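> just need the structure, nothing else, for what follows:
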Amino acid sequence: MAKAQKREYVWLQCMETGDLNYRTTVNVQGGVPKLQLKKYSPRLRKRTMHKIKRK
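Numbers count the residues shown, from 1 in each chain. Okay, here's the model as predicted:
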């Protein structure tokens, strides 16, 4: 049986509007990565850069 991974829920925050649009999990074993993704922003109606935000 596989061991349970240490994962943590984080929010993805739009860098242009500051909205918290998405919630996802990241693997915290070995440190939290500086993740930046291009995701859809409903307020701006286009794809923008989102970064990790812990709540």
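> mind checking the SS state of the residue lying closest to residue 36 once chain neighbours are set aside?
Of all residues not flanking residue 36 in the chain, residue 51 sits nearest, at 5.1 Å (Cβ to Cβ, 6 or more residues apart in numbering). (Glycine included, C-beta is placed from N, CA and C.) Put simply, residue 51 is strand when judged by DSSP: H, G, I helix; E, B strand; the rest coil.
> low-scoring stretches of this structure, by residue?
1 (pLDDT under 70).
> so what's the residue nearest to residue 36 bridging to?
residue 13, residue 36 (DSSP bridges).
> that one: how many residues sit nearby?
Residues lying near residue 51 (other Cβ atoms under 10 Å) number 14.
> and the residue nearest to residue 35 when sequence neighbours are not counted, how far from residue 3?
Spatially, and ignoring its direct neighbours in sequence, residue 35 is nearest to residue 52 (5.2 Å; Cβ to Cβ, 6+ apart). Computed as Cβ to Cβ, to the nearest Å, the residue 52 to residue 3 distance reads 24 Å.
> quick one: the strands in the protein?
7-14, 20-27, 36-41, 46-53 (DSSP state E).
> residue contacts, the residue nearest the centre of the chain?
In the chain, the centroid-proximal residue (Cα atoms, centre = their mean) is residue 12; its distance is 3.3 Å. Contact partners of residue 12, counting by Cβ atoms under 8 Å, 6 or more residues apart in numbering, are 20, 21, 22, 23, 24, 37, 39, 50, 51, 52, 53.
> hmm, back to that, does the residue nearest to residue 36 touch residue 15 like I think?
Yes: in this structure, residue 51 is within contact of residue 15 by Cβ atoms under 8 Å, at 6.0 Å.
> pull up the gap between residue 14 and residue 42, please.
For residue 14, the distance to residue 42 - Cβ to Cβ - is 9 Å.
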